[in-house]
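S.K.: I would like the atomic coordinates for the input below:
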Amino acid sequence: MADFDAFLEQLKTSLKGLAQNSFKKYSQQILHDGTEFAKKLEDDLQRWSVEYSIHEMTKEEFEFLVKGKKDLLEMEALKQLGLARTELNKLRNAIVDTITGTAVKVLL
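M.R.: Residues are numbered from 1 along each chain as shown. From the prediction side, this is the model:
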């Protein structure tokens, strides 16, 4: 399993790409909130990646578990900016997908 710090660095790069491609106006908040969310999930991500690497779970199960934690992604800075609920949900889903994709590439 790869180093979690390496995962966080790759995640920051991925989140910057997400922000520049789809949500440029909110790039700093996306980077902050996405990184903090990943840090909250560090123990889970490491445990799940080990289970995946020894074939105790599938990639789909791994992704399902990460997406199941989506409610922990608080996005307080964006709420304070007055972003509409539908936009917050789109952004939350995009961040979770980015974290999942990065974890699959780096941790697994």
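S.K.: only C-alpha atoms for contact and neighbour calcs from this point on.
M.R.: OK.
S.K.: now do the longest helix along the chain: which elements does it pack against?
M.R.: In the chain, ranked by residue count with DSSP state H as the criterion, the top helix is helix 85-106. Using 3 or more Cα pairs under 8 Å, 6 or more residues apart in numbering; DSSP states H and E as the contact criterion, the elements in contact with helix 85-106 are helix 4-22, helix 27-40, helix 59-68.
S.K.: His55 in helix, strand or coil?
M.R.: coil (DSSP: H, G, I helix; E, B strand; the rest coil).
S.K.: that one: neighbour count?
M.R.: Other residues within reach of His55, judged by other Cα atoms under 10 Å, total 10.
S.K.: need the CA coordinates for stretch 23-34. CSV is fine.
M.R.: Coordinates of the C-alpha atoms in stretch 23-34 are reproduced here as CSV (Å, rounded to 0.1, in the frame of the first residue of the first chain):
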residue,chain,number,x,y,z
PHE,A,23,-15.7,24.9,-10.4
LYS,A,24,-12.9,27.5,-10.9
LYS,A,25,-14.6,30.1,-8.7
TYR,A,26,-14.4,27.8,-5.7
SER,A,27,-10.9,26.3,-6.1
GLN,A,28,-9.5,27.2,-2.7
GLN,A,29,-12.6,25.8,-0.9
ILE,A,30,-12.6,22.6,-3.0
LEU,A,31,-8.9,22.0,-2.2
HIS,A,32,-9.4,22.7,1.5
ASP,A,33,-12.6,20.7,2.0
GLY,A,34,-11.5,17.8,-0.1
